[in-house]
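Colleague: coords below, sequence missing:
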């Protein structure tokens, strides 16, 4: 066996190296457990559930504030600030969270942010004057927005290839669940009680994260090998080291590969200029642009009016709750299919159905004066199909791809850019609905939204790579010119899923160096 080590390197890698020879056959039969990954995903995405509560709180709370007159009659300026300060806080959270996830780590950043998150809700719930609500809204927006940075990174780094798409979609599922939660509970409690009930989300998130470890990829990147071993064993439900050793080796090699090609040896923001980082970053920003400019904010803002155009006596709470239920159901269905169908197909179909729905609204506006009254259900059906399409594709999948295609070694800075850009576009698209509608009319407004969705579908088909089932290195290799992938370097390794969990083919030098770090403590 020693001779096999000292022999000159040849064009293939030995199937079993000395460090992993023991119990290698047992590892080949080891199947990682899903429950720890589901548990960690649920615990972390309670933060996005809390963000959903932040975004939805004003819908039932502002009418209740007006009704109760706790602070007198609120001016338009006051209600505008109450609504927009959360968005402003979320926008500013991007750079801060991008720094923290590299300095503190993914898990510790989320733990830290649950503290101001809870304090912000208490500021609102116990507010004695309007500025206290302002402060609470900004703090909850800032804290909740930080989870849009950390969750995609954290989940993508511990999830298996076979589960990465499903678990990556969980953030949006919990976000829309939080929105539905506040819509529903807000129909029965006061604005202050709703704030205190919503504070349970960050509290439960903090408790849940106490029982989950840090991302193994982050720990390896920080050269905390022993902690990375314990983390990966927890996430895979493994009892022995040899059960996760090949995956750990592949993970280390992926980090080394990313360091070589993302320019992580460069300081600060310069690494973003490397093609392997800059290209996927631009693709992610484009997806976020199409997502927010597709018209989802306009549709959600005017859902009640569209429902009331069909049934004038409809309860506004019923209309918003109905849309919330649709979103939750179809984001959940997207989770179930994303790792079977693939990201690209779901995204392109989603954009095309949204285009068809908006085109239907455009045609209806154009001919509504000349059609019978009983056809007023058409815009309602168009809106429902739009929400369905958005929920199973355009809503969750840009976040999944963000966690997958950005080089892990540049995710700190990239996350700051992507999240800040997302909230800027969200703010602009929400603020300009009325202005654009007054300028070009609803016919022109919905027409331009339909065009954006069509262009988005074409963009996805031409520019977005399929990442279903691919390992981190294979995905990074897509954006690197003339760089051999791990699959190319090792003949006969099979599909990427086997590379991640079932491969016994490992690089001799890398495994020996990694093994020397671990064997003294394992």
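Modeller: Ah, there it is. Bear in mind the structure is a predicted one, so any value in this text is a computation, not a measurement.
Colleague: which strands and helices sit next to the strand or helix carrying residue 439?
Modeller: Following DSSP states H and E, the helix or strand that holds residue 439 is helix 433-463. In terms of contacts (3 or more C-beta pairs under 8 Å, 6 or more residues apart in numbering; DSSP states H and E), helix 433-463 is packed against helix 275-292, helix 296-301, helix 343-367. Every C-beta, even on glycine, is put in place using the N, C-alpha and C of the backbone.
Colleague: Tell me which helix or strand in the chain has the weakest average pLDDT.
Modeller: Every helix and strand of the chain was ranked by mean pLDDT, DSSP states H and E. The lowest is helix 18-21, at a mean of 39.
Colleague: Tally up the residues packed near residue 291, please.
Modeller: Other residues near residue 291 come to 25 when the count uses other C-beta atoms under 10 Å.
Colleague: Now do it, the pLDDT please.
Modeller: Residue 291 carries a pLDDT score of 93 in this model.
Colleague: and if you look at residue 365?
Modeller: pLDDT recorded at residue 365 is 85.
Colleague: Which residue lies closest in space to it, excluding its sequence neighbours?
Modeller: Using C-beta to C-beta, 6 or more residues apart in numbering and skipping the chain neighbours, the partner closest in space to residue 365 is residue 443 (4.8 Å).
Colleague: Distance of the one you found relative to residue 451?
Modeller: When C-beta to C-beta, to the nearest Å is applied, the distance between residue 443 and residue 451 equals 13 Å.
Colleague: give the contact list for residue 221.
Modeller: With contacts taken as C-beta atoms under 8 Å, 6 or more residues apart in numbering, residue 221 has the following neighbours: 255, 408, 409.
Colleague: let's go with 7 Å and repeat that
Modeller: 255, 409 (C-beta atoms under 7 Å, 6 or more residues apart in numbering).
Colleague: contacting residues around the spatially closest residue to residue 358 that is not a sequence neighbour?
Modeller: Leaving out its chain neighbours, the residue that sits closest to residue 358 by C-beta to C-beta, 6+ apart is residue 450, at 3.8 Å. The contact partners of residue 450, by C-beta under 7 Å, 6+ apart, come to 355, 358, 359, 362.
Colleague: Which of these ranks first by neighbour count?
Modeller: Within the contacts of residue 450, most neighbours by other C-beta under 10 Å means residue 358, with 28 neighbours.
Colleague: so what's the residue nearest the centre of the chain closest to, chain neighbours aside?
Modeller: To find the centre residue of the chain, average its C-alpha atoms and take the closest one (C-alpha atoms, centre = their mean): that gives residue 399, at 3.6 Å. Across the structure, with C-beta to C-beta, 6+ apart as the measure, the residue nearest residue 399 apart from its sequence neighbours is residue 152 (5.3 Å).
Colleague: What pLDDT does the model give the one you found?
Modeller: At residue 152 the predicted local confidence, pLDDT, stands at 90.
Colleague: Next: the one 4 residues further on.
Modeller: Per-residue confidence for residue 156 comes out at a pLDDT of 89.
Colleague: what about it, which helix or strand?
Modeller: Following DSSP H and E, the helix or strand that holds residue 156 is helix 130-158.
Colleague: same for that helix, what does it pack against?
Modeller: Contacting helix 130-158 under the criterion 3 or more C-beta pairs under 7 Å, 6 or more residues apart in numbering; DSSP states H and E are the following elements: helix 35-68, helix 76-103, helix 106-125, helix 164-186, helix 216-221, helix 397-405, helix 411-431.
Colleague: Quick check: buried residues in that helix?
Modeller: Neighbour-count burial for helix 130-158, counted by 16 or more other C-beta atoms under 10 Å, picks out 130, 132-158.
Colleague: again, but for stretch 217-229
Modeller: Buried residues in stretch 217-229, defined by neighbour count with 16+ other C-beta under 10 Å: 217, 218, 219, 220, 221, 224, 225, 227, 228, 229.
Colleague: tell me how far stretch 271-280 is from the chain's mean position?
Modeller: Relative to its chain's centre, stretch 271-280 lies at 20 Å (C-alpha atoms, centre = their mean, to the nearest Å).
Colleague: Mind listing what's buried along it?
Modeller: Residues of stretch 271-280 classed as buried: 271, 272, 274, 276, 277, 278, 280 (neighbour count, 16+ other C-beta under 10 Å).
Colleague: Could you provide those residues in TSV, with additional columns for pLDDT and distance to residue 49?
Modeller: Converted to TSV, these look like this (pLDDT from 0 to 100; distance: C-beta to C-beta, whole Å):
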residue	pLDDT	distance to residue 49
271	72	33
272	73	31
274	79	35
276	80	34
277	84	31
278	88	33
280	91	28
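Colleague: export these to JSON lines and tack on distance to residue 54?
Modeller: Putting the buried residues of stretch 271-280 into JSON lines (distance: C-beta to C-beta, whole Å) gives the following:
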{"residue": "271", "distance to residue 54": "32"}
{"residue": "272", "distance to residue 54": "29"}
{"residue": "274", "distance to residue 54": "35"}
{"residue": "276", "distance to residue 54": "35"}
{"residue": "277", "distance to residue 54": "31"}
{"residue": "278", "distance to residue 54": "32"}
{"residue": "280", "distance to residue 54": "29"}
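Colleague: what's the most distant pair in those?
Modeller: With C-beta to C-beta as the measure, no two of those lie farther apart than 271 and 280, at 12.7 Å.
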